[in-house]
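Student: this is a predicted model, with the sequence first.
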Amino acid sequence: MIDIKWLRESPDEARTALARRGAAVRPLIDQALALDAKRRELLTRVEKLKAERNAASHDVARLKQEGKDAGHLTRSLKTLSNTIKELDQQVRVVDQELENVLLRIPNRPADDLPDGDASCNRVVSSWGMPAKLGFAPKPHWELGKTLGILDLERGAKIAGSGFPLFLGTGAKLVRAMIGFMLDLHTREHGYVEVQPPLLVNAATAQGTGQLPDLESNMYVTEDGLYLIPTAEVSVTNLHRDEILAASELPRAYVAYTPCFRREAGAHGKDTRGLIRIHQFDKVELVRFCRPEESAAEHAKLLGHAETVLRRLEIPYRVVLLATGDLGSASARTYDIEVWAAGVGTWLEASSASWFTDFQARRANIRYRPRPDARPEFVHTLNASGVAFPRTLIALLENNQQADGSVRIPAALVPYFGSERLVPP
């Protein structure tokens, strides 16, 4: 959530900074400022009337002590109390209206981002070279069927399009990736493993910015619980409404979960195979830190996600997102795109995002810089470490052999138990 103090004290700066996103943010800023001014005016009136009521109460007590009639003051006190009660209710209404507007204002984009839409995204680094296979590579849906590891038809029969079914060594490969990534991040990168709930309440979804803007992309139950689109939602809210000690920061958590998204495959885009699906597996990284550490923490987080792909020997590139392609809660995001030989394109396998104090304000996650200091908001960061579907696509398509088998990267062999996937 945007700091209302920043909007109030630097409205022109806020309008200029948020206009870089290309969205119609200015009316929301103007609406928030108007509501904030109304709220402050109401509070001033309430405080003045409360002071008058306190003075009148003392006068009533004095007159009664002196044996004098205080009826006129008592009636005045009742009128004052009713007016204060009405104004307090108005303050509560304006508070809610202001919060609703602030929840719809996106985060301030970092100064180093390129302006524009997705076409302005900038490649900042790359690793590895796309393999030259010496034959026409097959897409992963053909490889999966030939190897007997992926059954999209039966998955669609069971749940509908976008819900894949892994069989035999395919299910074993997914399990191997879970173990490999969790071990890497806990043993080498220092993360604490979490197994969070897959369903969350509205307050939790609001805390990370899924509500209200992304509610249409989420699966919701009749009793108001939401299936998580990413473990970021559950794990970031571990410390909702908590105050952490500075000595506890940074904190780092890793979680493996299935993820659920309604929007996958919308408008007929990338609907074949595993490229865009409604249910998928992901290992998520979440970090909490002091504001002055957040730039270094973002670089560290990105490096942890990159390590996964390097160990899996998958060529990738790192892309800095432009302001118009940035998620509403993020101040800066790097996408990591893997090369997939069979479909002949780059596919996003991870996003590493820095949220400044935007999520922490929504979820009320604070820390004390010193034991005697007032609490301040932490900074939050998260990254896919990494998402399975497109990583699996790249692993299968880049490592396919002329005989129809697929080579398993050396780092995954101890978890998978074999150096190759072979057709049955």
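Tutor: The structure has been received and is ready for your questions. Numbers count the residues shown, from 1 in each chain.

Student: contacting residues for the nearest residue to A329 once chain neighbours are set aside?
Tutor: Closest residue to A329 apart from its sequence neighbours, by CB to CB, 6 or more residues apart in numbering: G209 at 3.5 Å. Every C-beta, even on glycine, is put in place using the N, C-alpha and C of the backbone. Neighbouring residues of G209 by CB atoms under 8 Å, 6 or more residues apart in numbering: G327, S328, A329, F358, Q359, R362.

Student: identify each buried residue in the helix or strand that contains R15, please.
Tutor: Secondary structure from DSSP states H and E places R15 in helix 11-19. The neighbour-count check on helix 11-19 (16 or more other CB atoms under 10 Å) flags A14, A17, L18 as buried.

Student: out of these, who's nearest L198?
Tutor: Of all the buried residues of helix 11-19, L18 has the smallest distance to L198: 33.5 Å, by CB to CB.

Student: relative to Q206, how far out is the closest residue to G160 other than its chain neighbours?
Tutor: In space, and not counting its chain neighbours, G160 is closest to H278: 7.6 Å by CB to CB, 6+ apart. Look at H278 and Q206: by CB to CB, to the nearest Å, they are 22 Å apart.

Student: these two: which is more packed in?
Tutor: Summary of the neighbour comparison: H278 and Q206, criterion other CB atoms under 10 Å, with Q206 having more neighbours (22 against 19).

Student: past the helix or strand hosting the more buried one, which element shows up next along the chain?
Tutor: For Q206, the host element (DSSP H and E) is helix 202-207. Tracing the chain C-terminally past helix 202-207 and defining elements by DSSP H and E, one meets strand 226-227 next.

Student: what helices or strands is the next helix or strand after that next one leaning on?
Tutor: Using DSSP H and E, the next helix or strand after strand 226-227 towards the C-terminus is helix 231-236. Packing contacts for helix 231-236, counted by 3 or more CB pairs under 8 Å, 6 or more residues apart in numbering; DSSP states H and E, involve strand 192-194, helix 202-207, strand 251-260, strand 279-289, strand 379-387.

Student: tell me which of those sits most buried.
Tutor: For the helices and strands packed on helix 231-236, the stretch with the most neighbours on average is strand 379-387, a mean of 27; neighbours defined as mean count of other CB atoms under 10 Å.

Student: and whatever helix or strand comes next after that one with strand 251-260, angle?
Tutor: For strand 379-387, the following helix or strand on the C-terminal side (DSSP H and E) is helix 388-398. Going by axes from the mean of the first three to the mean of the last three CA atoms, to 10 degrees, helix 388-398 is angled at 80 degrees with respect to strand 251-260.

Student: do me a favour and average the pLDDT over helix 388-398.
Tutor: The predicted model assigns helix 388-398 a mean pLDDT of 97.

Student: what's the burial count for E292?
Tutor: 9.

Student: same question but for S119, I mixed them up
Tutor: Neighbours of S119 using other CB under 10 Å come to 8.

Student: which ones are touching the closest residue to it other than its chain neighbours?
Tutor: Distances taken as CB to CB, 6+ apart put A322 closest to S119, at 7.9 Å, once the chain neighbours are dropped. Shown here is A322, whose contacts under the criterion CB under 8 Å, 6+ apart are L113, P114, D115, G116, D117, A118, S119, C120, N121, R122.

Student: report the beta-bridge partners for the last one.
Tutor: Following DSSP bridges, R122 is listed with bridge partners L320.

Student: and L199, how far is that from A19?
Tutor: Plainly put, L199 is 37 Å away from A19 if you go by CB to CB.

Student: cool, and H278?
Tutor: From H278 over to A19 (counting by CB to CB), the distance is 34 Å.

Student: got it, and P114?
Tutor: P114 sits 15 Å away from A19, going by CB to CB.

Student: please apply the same query to V233.
Tutor: With CB to CB as the criterion, V233 and A19 are 29 Å apart.

Student: returning to what we had before: right, and the helix or strand after the helix holding R15?
Tutor: Stepping forward along the backbone from helix 11-19, the first helix or strand reached (DSSP H and E) is helix 26-65.

Student: before we move on, the earlier item: looking at the buried residues of helix 11-19, which is nearest E97?
Tutor: A14 (18.8 Å).

Student: now do the contacts for that closest one.
Tutor: Taking CB under 8 Å, 6+ apart as the test, what A14 contacts is I2, W6, L7, I29, R108.

Student: and the residue nearest to the first one when sequence neighbours are not counted, what does it touch?
Tutor: Going back to what we said before, that points to I2. What sits nearest to I2 in space, not counting adjacent residues and going by CB to CB, 6+ apart, is I105, at 4.8 Å. Under the criterion of CB under 8 Å, 6+ apart, the neighbours of I105 are M1, I2, L18, V25, L28, I29, A32.

Student: recalculate using a threshold of 10 Å.
Tutor: With contacts taken as CB atoms under 10 Å, 6 or more residues apart in numbering, I105 has the following neighbours: 1-2, 4, 7, 14, 18, 23, 25, 28-29, 31-32, 328, 358.
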